[in-house]
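**Q** no FASTA, just this:
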């Protein structure tokens, strides 16, 4: 078994650990708890570095802080200004399109590949690693640069299209296409949800399938009636995590456009605009307010998902 | 049945993970080291540029340290984009560098917030030889917040190998008009069968329209730090590129991808365009990268429009942080950068022609042919009576970004030059008057 899957299934197991129903009782419980907290210690320490800026940004969101001079309290002015900011709307548009197009597609591909890999091919661990690799690299600067070359005017993609006599568009510089290039990049990094899916698929007891085959259920029927319901909590988990990650996209847009969000603001992700406001326009108060708006947006979408999950996520207990 | 319990990830765990993931967005990370001084003063010196510039700068710093025992200089360099961001956070964190590179675009932004030292109050800086026109470009409200690292201009470079092969004559740059340039560029494209485009200049960098506006009798940025350029001028500037593209002299939309920004990666070096506008301190780099047969020309329209477009432009500025713990030593370093002949012998014209004429004189013999051409052209142009230029206003970064954005919209025909000009003025004025 490869290291990668060990980690992933380990992660899935850790997530499942605090499940109700199998509480451990006995003398070892205390010791367990203590070592548990010990393992959490680094996280608590790291949390300090998160908590302080967290509350600082909440305060700054209500000020006119400009990085250099003392912040003045301005009430809700920053939030009001957002309603009249066309670039903010543009950045929301870009981020929503990116999220709602790439997340379903990449989850679909992740599940599909996980299903194929779960059938027990030889050399499985190699395939798993190969498909997982882009997830490790996708957010890195080097890969985004590589992407620019692949989709560049003299890149592989347009070269390939050229064989068929098709003149490909300017994928990177044309405002109509720049975002779609990044969408493809994001879909390509389907590896991490795939590994989690794979871990989930392995947990589905084979006896269900055996029973279903005896009853004459087709593969498709088995998938719909057994696999999907049983892994629905995993789908739910992946959906939530991908949505949140996608709303916070920054690196791809920053590197692809050299920090501008261009061409013509077509890759102006919300977080990229936030960064521009804070660090190139020195409007840190406004940028902080934007961060809180993003938190609210993410919270709303997560809440919607949790409510909707009652109708499709199946907890087999 | 026991096994299935493992598949489930409880709701509250997912919720917890969600909150953690979302919360991380709200907190940035920061932190910088504090310089320690034990008898020895350590200065922090930051600038933007490439490794070549850093090599020359390091050599000069070594000389400074030899001449000033007891001062060590810890220098850092970066690309201009990330440099600007990091500088802002360092000032915000109360840990600014002592001596730093400042861009024209952000001088006022920093100066008006009291973050920069008034260089006139530092006696270590000798201003006796620095021309008033140069000093004025770093002056805000009568205080001197920045000194030019050198004088620089933009110019047109043409690849003569291409024009010779195509049989196109390069017009006389002392008298050529914008129309002449368009005709020339279109002819190159035609005679090379469309393989090479005659013109390949960057429409959306502000230095072009700044010069263009001056030629038309307008100050892009005015004396009282406002936007002075008219809608008509911006419309004309965009329209010119649209017409040139239509005529075939300028590449189609999407052609320029700007991967990297070094001369070696330029389209001029690739041989797909025959001419480009460059900051002419880079002439040497472009010439070496493009086969060594580039001709350095003045911008078109210098004698055919209302007035001259050139002025005494600093390429960038040197400043000292107001909060520097060692203002005396910092001032010494800044003085060294602008007045020291031995230091300049290492950095040459890397950051423009030195602003102290004596220094320029002294290093002239050390320059190669390309750098000599650059210095001569600057000297030549400065002989004439040029219109003044002023400090960029607050919000100039937004103006530059807006220009880039609208440039792309026009390039792809998403808006007309007239609409672009209107939007440009609205957005720029809003940013400047904020």
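**A** Cool, the structure landed. Treat the numbers as computed from the prediction; the structure is a model and nothing was measured.
**Q** all contacts plus neighbour counts: C-alpha atoms, from now on.
**A** Noted.
**Q** Up against chain A, what does the stretch 301-434 of chain B have?
**A** Residues of the stretch 301-434 of chain B lying near chain A by C-alpha under 8 Å from any C-alpha of the partner chain: B:395, B:397-398, B:401, B:404-406, B:408-409, B:412.
**Q** can you do 7 Å?
**A** B:405-406, B:408-409 (C-alpha under 7 Å from any C-alpha of the partner chain).
**Q** Quick one: low-confidence residue ranges for chain B.
**A** Regions of chain B meeting the criterion pLDDT under 70 cover residues B:1-39, B:258-261.
**Q** Can you tell me, leaving aside adjacent residues, what's nearest to the residue nearest the centre of chain B?
**A** The residue lying closest to the centre of chain B (C-alpha atoms, centre = their mean) is residue B:315, at 6.2 Å. In this structure, residue B:315 finds its nearest non-sequential neighbour in residue B:152, 5.2 Å apart by C-alpha to C-alpha, 6 or more residues apart in numbering or on different chains.
**Q** ok, now which ones touch the one you found?
**A** With contact set as C-alpha atoms under 7 Å, 6 or more residues apart in numbering or on different chains, residue B:152 has these partners: B:279-281, B:313-315, B:352-353.
**Q** Check which helices and strands the host helix or strand of residue A:136 is in contact with.
**A** In the assignment (DSSP states H and E), residue A:136 maps to helix A:124-137. In this structure, helix A:124-137 makes packing contacts with helix A:191-203, judged by 3 or more C-alpha pairs under 7 Å, 6 or more residues apart in numbering or on different chains; DSSP states H and E.
**Q** again, only using 10 Å
**A** helix A:3-16, helix A:86-117, helix A:141-150, helix A:178-188, helix A:191-203 (3 or more C-alpha pairs under 10 Å, 6 or more residues apart in numbering or on different chains; DSSP states H and E).
**Q** Now tabulate these in JSON lines and tack on mean neighbour count and distance to chain B.
**A** Output for the helices and strands packed on helix A:124-137, formatted as JSON lines (neighbours: other C-alpha atoms under 10 Å in any protein chain shown; distance: least, C-alpha to the nearest C-alpha, whole Å):
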{"stretch": "helix A:3-16", "mean neighbour count": "16", "distance to chain B": "5"}
{"stretch": "helix A:86-117", "mean neighbour count": "18", "distance to chain B": "11"}
{"stretch": "helix A:141-150", "mean neighbour count": "17", "distance to chain B": "8"}
{"stretch": "helix A:178-188", "mean neighbour count": "21", "distance to chain B": "11"}
{"stretch": "helix A:191-203", "mean neighbour count": "24", "distance to chain B": "6"}
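**Q** By mean pLDDT, show me the worst of the ones you listed.
**A** Looking at the helices and strands packed on helix A:124-137, the lowest mean pLDDT belongs to helix A:3-16 (a mean of 39).
**Q** State the next helix or strand along the chain beyond it.
**A** Next along the chain after helix A:3-16, taking DSSP H and E as the criterion, comes helix A:28-60.
**Q** State the mean pLDDT of that next one.
**A** Computed over helix A:28-60, the mean pLDDT rounds to 87.
**Q** buried sites along it?
**A** A:50, A:53-54, A:57-60 (16 or more other C-alpha atoms under 10 Å in any protein chain shown).
**Q** Then stretch B:49-57?
**A** B:54, B:56-57.
**Q** that older thread, mind putting the buried residues of helix A:28-60 in CSV, distance to chain B included?
**A** Shown next, in CSV, are the buried residues of helix A:28-60 (distance: C-alpha to the nearest C-alpha, whole Å):
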residue, distance to chain B
A:50, 6
A:53, 5
A:54, 5
A:57, 7
A:58, 9
A:59, 12
A:60, 12
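**Q** Check whether stretch B:49-63 comes near chain A.
**A** No. Stretch B:49-63 does not reach chain A (C-alpha under 10 Å from any C-alpha of the partner chain); its nearest approach is 16.0 Å.
**Q** quick revisit: when you check the contacts of residue B:152 against the strands, which ones overlap?
**A** Members of the contacts of residue B:152 lying in strands (criterion: DSSP state E): residue B:279.
**Q** export the contacts of residue B:152 to CSV and tack on distance to residue B:294?
**A** Shown next, in CSV, are those (distance: C-alpha to C-alpha, whole Å):
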residue, distance to residue B:294
B:279, 14
B:280, 12
B:281, 14
B:313, 23
B:314, 24
B:315, 22
B:352, 19
B:353, 20
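**Q** And the contacts of residue B:152, which is closest to residue B:378?
**A** Taking C-alpha to C-alpha as the measure, residue B:378 lies nearest residue B:353 of the contacts of residue B:152, at 7.8 Å.
**Q** In contact with the closest one, which residues?
**A** Residue B:353 makes contact with B:148-153, B:281, B:314-315, B:359-360, B:371, B:374-376, B:378-379, according to C-alpha atoms under 10 Å, 6 or more residues apart in numbering or on different chains.
**Q** Return a PyMOL selection command for the buried portion of those.
**A** A single PyMOL command selects the buried members of the contacts of residue B:353 (16+ other C-alpha under 10 Å):
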select buried, chain B and resi 148+149+150+151+152+153+281+314+315+359+360+371+374+375+378
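**Q** For the residue of the stretch 51-200 of chain B found nearest chain A, which non-adjacent residue is spatially closest?
**A** For the stretch 51-200 of chain B and chain A, the shortest gap (C-alpha to the nearest C-alpha) falls at residue B:92, measuring 4.7 Å. Spatial nearest neighbour of residue B:92, chain neighbours left out: residue A:67 (4.7 Å); criterion: C-alpha to C-alpha, 6+ apart.
**Q** what does residue B:337 give?
**A** residue B:343 (6.8 Å).
**Q** May I ask which helix or strand encompasses that neighbour?
**A** Judged by DSSP H and E, residue B:343 forms part of helix B:341-347.
**Q** Can you name every helix or strand that that helix contacts?
**A** helix B:51-67, helix B:327-339, helix B:357-363.
**Q** quick revisit: among the contacts of residue B:353, which lie within strands?
**A** residue B:148.
**Q** now, which of the contacts of residue B:353 lie within helices?
**A** B:359-360, B:371, B:374-376, B:378-379 (DSSP state H).
**Q** residues near residue B:365, how many?
**A** For residue B:365, the neighbour count with other C-alpha atoms under 10 Å in any protein chain shown is 10.
**Q** Dihedrals phi and psi, residue B:77?
**A** The phi and psi values for residue B:77, taken as degrees, to the nearest 10, are phi -140, psi 160.
**Q** which residues does residue 285 contact?
**A** Picking chain A for this. The contact partners of residue A:285, by C-alpha under 10 Å, 6+ apart, come to A:57-67, A:71-74, A:77-78, A:277-278, A:291.
**Q** Sorry, I should have been clearer: chain B.
**A** So residue B:285 contacts B:262-264, B:292, B:370-371 (C-alpha under 10 Å, 6+ apart).
**Q** Before I go, just wanted to say thanks for your time.
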